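> give me a 3D structure for the following:
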Amino acid sequence: MSDDERENGVCFRCALPQDAERIHEVNSANFKKPFSLNTIIESVNADIVIVAADESDTVLGYIIGVKNYDVIDIISIAVDEKQKRRGIGMGLLREMIRLNGEFDFWLEVRENNVPAIALYEKNGFRKVGLRKGFYAEYEPPVNAITMNYYK
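Model (predicted):
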């Protein structure tokens, strides 16, 4: 990694197979219903996975996107709890858009996840729908706001 790829000691790069376990750790710490390690490994090998890494190449956060024709569905974004509020989520989202600028983007976000909604809106996403009870792992189930970003 060259110095020009770093921003505040953080490098944004495509995930490597050896990143899968750390991505799984970050995912598990952030979500009630995390992906399995096998799912993460499959995503690293088949989908668009970008990580934020520090100087020692430790993964601090990740974003996963799945290409569907002319759209990328962002299926997960998370940052290590100790690294939040450093702009890493913003950097991951912007890098995903920068590297895949010819695509439109879609995602779902919990309607009570105010910081995530603010992040998406700040980066040009807009609310376009509501999926009632989408996050069934919560009691009571939580609605999802559907958001999109058009190039």
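> tell me who's in contact with Y149.
I97, D104, F105, W106, Y120, N123, G124, F125, R126 (C-beta atoms under 8 Å, 6 or more residues apart in numbering). Heads up, the C-betas are built off the backbone N, CA and C, glycines and all.
> for the residue nearest to F31 when sequence neighbours are not counted, what are its contacts?
Nearest residue to F31 in three dimensions, chain neighbours excluded: A78, at 7.1 Å (C-beta to C-beta, 6 or more residues apart in numbering). Going by C-beta under 8 Å, 6+ apart, A78 touches V26, N27, A29, N30, F31, G61, Y62.
> again, but for R131
R131 touches E108, N143, A144, I145, T146, counting by C-beta under 8 Å, 6+ apart.
> same thing with G133?
P141, V142, N143.
> distance check, it against A144.
9 Å (C-beta to C-beta, to the nearest Å).
> same thing with R86?
R86 is 26 Å from A144, by C-beta to C-beta.
> can you check I50 too?
Counting by C-beta to C-beta, the gap from I50 to A144 is 22 Å.
> more crowded one of these two?
For I50 and A144, the more surrounded residue by other C-beta atoms under 10 Å is I50, and the numbers stand at 22 against 19.
> quick check: phi and psi on that one?
phi -120, psi 140 (degrees, to the nearest 10).
> got it, and E55?
phi -60, psi -30.
> nearest residue to it in space, please, no chain neighbours.
In this structure, E55 finds its nearest non-sequential neighbour in G9, 5.8 Å apart by C-beta to C-beta, 6+ apart.
> counting neighbours, what do you get for the one you found?
10.
> how much space between it and V59?
Taking C-beta to C-beta, one finds G9 at 14 Å from V59.
> now V51: which helix or strand?
Element membership for V51, per DSSP states H and E: strand 48-53.
> who touches that strand?
1, 10-15, 19, 23, 43, 59-67, 72, 79, 83, 88, 91-92, 95-96, 99-100.
> likewise for stretch 83-96?
Here stretch 83-96 has contacts from 7-8, 10, 12, 48, 50-52, 60-63, 65, 72, 74, 77, 79, 105, 116, 119-120, 122-123, using C-beta under 8 Å, 6+ apart.
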